[in-house]
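Colleague: what would the 3D arrangement of this be:
(one chain, ligands or ions: 2)
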Amino acid sequence: MVEVKILNGSRSIGGNCVRIEDKDRVLIFDQGIRFDLMTKYYSSFIMPQSLTELRDIGIIPKPEWYEDVVSVYITHMHLDHLGVLSNIPKELTVYLPSISIYSYLEEKWSMSPTWTSLIPRKYYVEIEELNPLEADKNNVIAVPVSHSAYPSFALLYFGTDENILYTGDFRTESFLDKDEFFKLNKAQDLMSYLENNRDIKVDTLIIEGTNFGTTRLPISPSEAMSIAERLTSTSKSIIVTTHSLDLEYILAFLKIAAKYGLNCYIATTQITKLLETVPELPISPAIIEEHVTYPSHYFEKVSIDQVEPKALIFVSYRGVVDFLKDISSIQPNLSDFAAIISEPEPQVEEAYEYGVIANWFLKMGIQSYRIRVSGHYYPYQLRKILENIRPTRILPIHTLYPERLKSYLG
Ligand SMILES: [Zn+2]
Ligand SMILES: [Zn+2]
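Modeller: Ligands and ions are numbered 1, 2, ... in the order given. A predicted model of the protein is given here:
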């Protein structure tokens, strides 16, 4: 009776789109952008012109995929999952991980001169927020997971004759300990939830497999932070570049700053707004007014020439080059600075150019280190995950090697 269709993402990293049909209830889980196709057809001087063009190439879902759909669920706000909301062709409800975070991103996108101005929803689309661990009117439960975008959820659907678990993007080790994770997400994480609720039967598991086929060393969050601590304690000042939704990573650095008594600054509006959603921070950062232009009522404001030594400065990938140009005009010698470039996702997920950023650091005389803590679990962790979930069948998604992943079920 329940039918699951993986419309996109069965053999690509990102662009997930899952359609679940259960009698007259039709749901979509994620409706992301296929950045692998986006980078194939567009470049900095060949830009998308319209939704129709993006649909034709297969970068965003086709209108017929939304036929009879009553609700769309978004697991997290990376664009390979959130997708282009203006592409939704009919009245329906979109469940988002956080309305407050979505709202400030929407404001940013709507003012963009590029294709990202297409992301915001049309007026007829209603939005609602996912409530952790509460079954909604469609029998869907959102369970928090650790990932490089906050907040992130897995989705559990209790169907007529089948239960479906869709993991979204997730890792099994977080930058936060269990209590910190619970406090931030107001619920336990997916693996603990399933351990504590052994009666939940998962028939179909739709599981991501980003790291299948990678040769990257699986560095855990705690291993990465011990390296970060070494770099931080031996440099006079550190610039940390980060994705502006990577809250766990930012919180881990704030803890280091508190431990070593560093002066913390934020040089990006989106990071400031993200931190404003957290009730209790390990240390309160100041914001650099030349780069955070709106009036924050939460944090102290300073000018860029008031940045003190022993600084830990957070800046997004998008803003870092402008920030470097600014600070180098005030402090011509930046050799006291080191930089940590976090590289959490394969570039195809959101198309950042980490190498370009590293080149700018080098040009400005700043030693940078690229560190990659994946937002995704690693293949060696899959057996343990499956022992916990005990699914009857697996449908791989968000991977280039679905067969490898499937072979784990034996
Ligand atoms: Zn993804
Ligand atoms: Zn993601």
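Colleague: all contacts plus neighbour counts: C-alpha atoms, from now on.
Modeller: OK.
Colleague: could you pull up the mean pLDDT of stretch 119-130?
Modeller: The average pLDDT within stretch 119-130 is 97.
Colleague: how far does it sit from the chain's center?
Modeller: Put simply, stretch 119-130 sits 19 Å off its chain's centre (Cα atoms, centre = their mean, to the nearest Å).
Colleague: what's the span of it, first residue to last?
Modeller: 20 Å (Cα to Cα, to the nearest Å).
Colleague: buried sites along that stretch?
Modeller: Neighbour-count burial for stretch 119-130 flags 119-121, 125, 127, 130 (criterion: 16 or more other Cα atoms under 10 Å).
Colleague: same deal with stretch 317-332?
Modeller: In stretch 317-332, counting by 16+ other Cα under 10 Å, buried: 317-318, 320-321, 323-324, 327.
Colleague: so how far is Ala252 from the nearest residue to Pro221 once chain neighbours are set aside?
Modeller: Using Cα to Cα, 6 or more residues apart in numbering and skipping residues adjacent in sequence, the residue nearest Pro221 is Phe175, 5.2 Å away. Remark: distance between Phe175 and Ala252 (Cα to Cα) = 6 Å.
Colleague: which pLDDT value belongs to the residue positioned nearest the centre of the chain?
Modeller: The centroid of the chain falls nearest to Ala149 when counting by Cα atoms, centre = their mean (2.7 Å). Ala149 carries a pLDDT value of 95.
Colleague: for it, which residues are in contact?
Modeller: By Cα atoms under 8 Å, 6 or more residues apart in numbering, Ala149 lies in contact with 76-78, 243, 245-247.
Colleague: can you give me the helices for the stretch 251-400 of the chain?
Modeller: Using DSSP state H, counting those that start in this stretch, the helices of the stretch 251-400 of the chain run over 269-276, 317-330, 354-363, 382-389.
Colleague: now those helices in TSV, with mean pLDDT and distance to Ser222?
Modeller: Converted to TSV, those look like this (pLDDT from 0 to 100; distance: least, Cα to Cα, whole Å):
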stretch	mean pLDDT	distance to Ser222
helix 269-276	95	21
helix 317-330	93	23
helix 354-363	90	22
helix 382-389	96	19
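Colleague: show me how this protein divides into domains.
Modeller: Per the record, the chain has its domains at 2-214+377-409, 221-371, by automatic domain parsing.
Colleague: among those domains, show the one with the smallest mean pLDDT.
Modeller: Mean pLDDT across the domains of the chain is lowest at domain 221-371; the value there is a mean of 91.
Colleague: just give me how far that domain sits from the chain centre.
Modeller: With Cα atoms, centre = their mean as the basis, the mean position of domain 221-371 lies at 18 Å from the chain mean.
Colleague: if we can go back for a sec, and which of the buried residues of stretch 119-130 is nearest Thr392?
Modeller: Leu130 (26.7 Å; Cα to Cα).
Colleague: and Arg121, how far is that from Pro89?
Modeller: Distance, Arg121 to Pro89, by Cα to Cα: 10 Å.
Colleague: do Ala358 as well
Modeller: 41 Å.
Colleague: what is the burial count for Tyr369?
Modeller: By other Cα atoms under 10 Å, the residues close to Tyr369 number 16.
Colleague: export stretch 133-150 as PDB, just CAs?
Modeller: These are the backbone C-alpha positions of stretch 133-150, laid out as PDB (Å, rounded to 0.1, in the frame of the first residue of the first chain):
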ATOM      1  CA  LEU A 133       9.600  13.900  18.700                       C
ATOM      2  CA  GLU A 134       5.900  14.900  18.200                       C
ATOM      3  CA  ALA A 135       3.800  12.900  15.700                       C
ATOM      4  CA  ASP A 136       2.000  15.400  13.400                       C
ATOM      5  CA  LYS A 137      -1.200  15.200  11.500                       C
ATOM      6  CA  ASN A 138       0.500  13.100   8.800                       C
ATOM      7  CA  ASN A 139       1.900  10.600  11.300                       C
ATOM      8  CA  VAL A 140       5.500  12.000  10.800                       C
ATOM      9  CA  ILE A 141       7.900  12.300  13.700                       C
ATOM     10  CA  ALA A 142      11.000  14.500  13.300                       C
ATOM     11  CA  VAL A 143      14.000  13.200  15.300                       C
ATOM     12  CA  PRO A 144      17.000  15.500  15.700                       C
ATOM     13  CA  VAL A 145      20.400  14.400  14.200                       C
ATOM     14  CA  SER A 146      23.900  15.800  14.300                       C
ATOM     15  CA  HIS A 147      24.900  17.400  11.000                       C
ATOM     16  CA  SER A 148      26.800  20.400   9.800                       C
ATOM     17  CA  ALA A 149      23.600  22.500   9.500                       C
ATOM     18  CA  TYR A 150      21.500  23.300  12.600                       C
END
